[in-house]
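Undergrad: Got a predicted structure plus its sequence, pasted below:
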Amino acid sequence: MPDTLKISADQEGWNAPILLLTWVAGTVDAIGYLSLGHVFTANMTGNAVLLGLALGQGQSQAAFRSLFALGGFALGVTIGAILAHRTGTDIDQRRAFVGPIFAETMILAAFAVTFHLPMIPRNQYTLHVLIGLCAVAMGIQSAAVRRLKLPGIATTVLTGTITSLVAGLVRWLHLTYVSSPAEDAAGAAATGGRHLWLQAGVFLVYVIAAVSAGIFQKRVPLIVGMSPVIAIGLVLLGAMLSAARPKTASE
């Protein structure tokens, strides 16, 4: 029972950062599809499908864009894993989170500048630079979130999150309405309910971010391009404040 409560407490501290990171991924994917040649830079499952379609239809440039995104994402995961490679207490995890998020913030800021400055030419080279920046940033984010070991939570791909959400809902309903009302069962049901809320929140925020990007991309593109930078900046600020707080006896 104490371990269950500790997991729940740890997760509560990550709810806001996870949802903000999901907003980043949803917006970046929408930008990639609408403005970077129909490519996903966060959702590599969808990007793999786009790659297969492009290859099947003989669209070499589209296939190369998808391959470029896959390579950038893999590079980002490598960078994120190196930066986040620390073990130990919860405080160590929070400090390890700062490095990857700082790198992601800098990369997304570079993307926003390159994407919006009118003096930068719009050509194939610029397009691939923008795709690469987004993909590397999303790979770093994926590695950072994976390091947190939050059950059933991923901010750059929703298939696993939806699977965990539905399976967890079935288990929560069973613990709540079928199992005996023992203390352990009640505690597990409460913890499972918190996980479900976060998983559902990840799905909804991703969709809302895509809807928002679809609405504003042509009307006010600056808002769409800057919103991931603002969101990741808030995550970085929170991570730095959390990592700087003194270590308590319970930790």
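TA: On my side now, so go ahead. Residues are numbered from 1 along each chain as shown.
Undergrad: Residue 215: helix or strand, and which one exactly?
TA: helix 183-216 (DSSP states H and E).
Undergrad: So for that helix, mean pLDDT?
TA: Throughout helix 183-216, pLDDT has a mean value of 77.
Undergrad: go on, stretch 127-134?
TA: Rounded mean pLDDT across stretch 127-134 is 96.
Undergrad: Extract the C-alpha set from that stretch and format it as PDB.
TA: The C-alpha trace of stretch 127-134 is given here as PDB (Å, rounded to 0.1, in the frame of the first residue of the first chain):
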ATOM      1  CA  LEU A 127      12.100  22.300 -45.200                       C
ATOM      2  CA  HIS A 128      14.400  19.500 -44.200                       C
ATOM      3  CA  VAL A 129      16.100  21.700 -41.500                       C
ATOM      4  CA  LEU A 130      12.600  22.400 -40.000                       C
ATOM      5  CA  ILE A 131      11.600  18.700 -40.200                       C
ATOM      6  CA  GLY A 132      14.900  17.700 -38.600                       C
ATOM      7  CA  LEU A 133      14.600  20.300 -35.700                       C
ATOM      8  CA  CYS A 134      11.100  19.100 -34.900                       C
END
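Undergrad: which ones are touching the residue nearest the centre of the chain?
TA: In the chain, the centroid-proximal residue (CA atoms, centre = their mean) is residue 155; its distance is 2.9 Å. By CB atoms under 8 Å, 6 or more residues apart in numbering, the contact set of residue 155 is 18, 21-22, 24-25, 42, 141-142, 145, 202, 206. Just so you know, the C-beta spots here come from the backbone N, C-alpha and C atoms, and that holds for glycine as well.
Undergrad: go again using 6 Å as the cut-off
TA: 21-22, 25, 145 (CB atoms under 6 Å, 6 or more residues apart in numbering).
Undergrad: Name the nearest of those relative to residue 238.
TA: Among those, residue 21 lies closest to residue 238 (CB to CB), at 11.0 Å.
Undergrad: quick one: the closest one from residue 141, how far?
TA: 6 Å (CB to CB, to the nearest Å).
Undergrad: Save the contacts of residue 155 as TSV, and put in secondary structure, pLDDT and distance to residue 134 too.
TA: Compiled in TSV, the contacts of residue 155 are given as follows (DSSP: H, G, I helix; E, B strand; the rest coil; pLDDT from 0 to 100; distance: CB to CB, whole Å):
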residue	secondary structure	pLDDT	distance to residue 134
21	helix	96	14
22	helix	95	15
25	helix	95	10
145	helix	91	16
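Undergrad: any chance of the residues you listed in TSV, plus neighbour count and distance to residue 137?
TA: Output for the contacts of residue 155, formatted as TSV (neighbours: other CB atoms under 10 Å; distance: CB to CB, whole Å):
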residue	neighbour count	distance to residue 137
21	29	11
22	30	14
25	31	9
145	25	13
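Undergrad: which one of these is nearest residue 113?
TA: Using CB to CB, those come closest to residue 113 at residue 25, 19.9 Å.
Undergrad: who are the neighbours in contact with the spatially closest residue to that closest one that is not a sequence neighbour?
TA: For residue 25, ignoring the flanking residues on the chain, the nearest one in space by CB to CB, 6 or more residues apart in numbering is residue 42 at 4.0 Å. Residues near residue 42 by CB under 6 Å, 6+ apart: 25, 28-29, 138, 156.
Undergrad: Just the buried residues from those, in PyMOL please.
TA: Here is the PyMOL command that selects the buried residues among the contacts of residue 42 (16 or more other CB atoms under 10 Å):
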select buried, resi 25+28+29+138+156
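Undergrad: now, which of the contacts of residue 42 lie within helices?
TA: If you go by DSSP state H, the contacts of residue 42 have 25, 28-29, 138 in helices.
Undergrad: Among those, which one lies nearest to residue 162?
TA: residue 25 (14.6 Å).
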